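A.B. asks: Predicted model and sequence follow; I will ask about them next.
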Amino acid sequence: MIPADDVGRAKKFYTSLLGWKIEPTRTPLDPKDLAALQYQDISTGKPEPGTLSGGGLYKRHMNEPILNFVFVDDIDAVLAKVEKLGGKITLRKTEIKGVGLNAMILDSERNTIGLLQPVQK
C-alpha cells in the first residue's frame, strides 16, 4: 500500500519508473467513500513463487510512512529515471554480497522505496 498526497502524480511516477499497471479499484465500497480514498489497484507483473505482484495506491489521510522493497532487473536504468520523474535518490547503489544491488529512493510523494536487483544465479 502506497499513500500519496497526489494520486495522479504518484501513478505517473510508478508507471513511468517501473512499468506498473495502475487502475482504479473495483470494490463494493460506497462510491462516495471510494472517491475520497482515490484507491488504485497496482499490478507489478506476473506473479512469481514467494513474491507479491500487486498492491494499492491511495490518497494519504495521515502522515503514514511506508518502506517497500521492489525487485528490479536493471537498477541503473531505474535510478537514471528517478529524479527526472520527481523522486530523489537517498542511498546510492550499493552491493550486498550474496544478495544483490540495493538503493533507496523517495518517490514523488516522499515515501521511501527500496530497490533491489537480486544476484543473478
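C.D. replies: Cool, the structure landed. Worth saying up front: this structure is predicted, and the values here are computed from it rather than measured. Numbering: from 1, shown residues only.
A.B. asks: Low-confidence stretches in this structure?
C.D. replies: 27-37, 49-54, 64 (pLDDT under 70).
A.B. asks: For it, which segments count as helices?
C.D. replies: 7-18, 31-37, 75-82 (DSSP state H).
A.B. asks: and residue 104, how many neighbours does it have?
C.D. replies: Counted with other C-beta atoms under 10 Å, residues neighbouring residue 104 total 17. C-beta coordinates here come from the backbone N, C-alpha and C atoms, glycine included.
A.B. asks: and what of residue 95?
C.D. replies: Other residues close to residue 95 by other C-beta under 10 Å number 11.
A.B. asks: wait, what's in contact with it?
C.D. replies: Residue 95 is in contact with 101, 102, counting by C-beta atoms under 8 Å, 6 or more residues apart in numbering.
A.B. asks: For the remainder of this discussion, apply numbering that starts at 49.
C.D. replies: All set: I'll call the first residue 49, so the last point we hit is now residue 143.
A.B. asks: ok, now how distant is it from residue 123?
C.D. replies: In this view, residue 143 and residue 123 are 10 Å apart by C-beta to C-beta, to the nearest Å.
A.B. asks: One more: residue 156?
C.D. replies: Note on residue 156: its distance to residue 123, by C-beta to C-beta, is 19 Å.
A.B. asks: between the two, who's got more neighbours?
C.D. replies: More crowded of residue 156 and residue 123, by other C-beta under 10 Å: residue 156, with 21 against 17.
A.B. asks: how close does that one get to residue 166?
C.D. replies: The separation that residue 156 has from residue 166, given C-beta to C-beta, amounts to 25 Å.
A.B. asks: Could you point out the longest strand of this structure?
C.D. replies: strand 136-144 (DSSP state E).
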